[in-house]
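> Predicted model follows, preceded by the sequence.
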Amino acid sequence: MLTKQLDRDGLTHENGLDAQRLLPWPELNAPFEGSWCVIRPGTASTAHAHHEYEIFIAVAGSAVLESQGVRKPFVTGDIVHFTPGSEHRVINESDADFEMYSVWWDLDMTQRFAARHEGAQA
C-alpha cells in the first residue's frame, strides 16, 4: 500500500485558492489528475473554463458554485461535474474553510494511461 500525504502547511496559492496537486503521482497509473483545494472564508476560486472534464467533491464545509451564470449551494458530500468549456468557480461565503477535491481528465490523459497500462501488461 502506498500513501501520499497531504501537506496542509505546504499548500500553494493558485487560482484564488490553496491547493496541493496529489495527482499525477508517478507510482500510480491513473487516467486523471487531481488536487486537494481549500477556499478560505470570504474568498473565491478564480472563474475559469478549460478543455478538460472536471468533477469537484465537497469534503468539508459549505460554499456556492457558480457556473454559466447559475449559483447553487455546494456542501459536504456533494459532487458536481463540469463539461469542457463551462466557466466555473467556488465561492466561500461562510466563516470557515471550504475543502474539496478536484479531479480532471481529457483524451490525452486517457491515452497516456492506456499506453502505460498496456506497457505494464507486456
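Yes, it's here.

> per-residue pLDDT, Ala122?
We have a pLDDT of 67 for Ala122.

> err, Ala30, not the other one
With respect to pLDDT, Ala30 has a value of 89.

> give the contact list for the residue nearest to the spatial centre of the chain.
For the chain, Ser102 is the residue whose C-alpha lies nearest the centre (Cα atoms, centre = their mean; 1.4 Å). Taking Cβ atoms under 8 Å, 6 or more residues apart in numbering, we find Ser102 in contact with Ala19, Gly34, Ser35, Cys37, Glu54, Ile55, Phe56, Ile57. For every residue, glycine as well, the C-beta is placed using N, CA and C.

> export whatever helix or strand it lives in as CSV, just CAs?
Element membership for Ser102, per DSSP states H and E: strand 98-105. Output of strand 98-105 as CSV, limited to C-alpha atoms (Å, rounded to 0.1, in the frame of the first residue of the first chain):
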residue,chain,number,x,y,z
PHE,A,98,-14.3,25.0,2.5
GLU,A,99,-12.4,21.9,1.4
MET,A,100,-12.9,19.9,-1.8
TYR,A,101,-11.1,17.5,-4.1
SER,A,102,-10.9,18.4,-7.8
VAL,A,103,-10.4,15.7,-10.5
TRP,A,104,-10.0,16.4,-14.2
TRP,A,105,-9.3,14.4,-17.3
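
> Show me which parts of the host helix or strand of Gln111 are buried, residue by residue.
In the assignment (DSSP H and E), Gln111 maps to helix 107-121. Under the neighbour-count criterion of 16 or more other Cβ atoms under 10 Å, helix 107-121 has Met109 buried.

> which residues sit against that helix?
With Cβ under 8 Å, 6+ apart, helix 107-121 has contacts from Asn29, Ala30, Pro31, Phe32, Glu33, Glu52.

> hmm, which of those residues are the buried ones?
Pro31, Phe32, Glu33, Glu52.

> just to revisit the earlier point, so which of the contacts of helix 107-121 is the closest to Phe98?
Comparing the contacts of helix 107-121 against Phe98 with Cβ to Cβ places Glu33 closest, at 20.8 Å.

> so what's that closest one closest to, chain neighbours aside?
In this structure, Glu33 finds its nearest non-sequential neighbour in Leu23, 4.8 Å apart by Cβ to Cβ, 6 or more residues apart in numbering.
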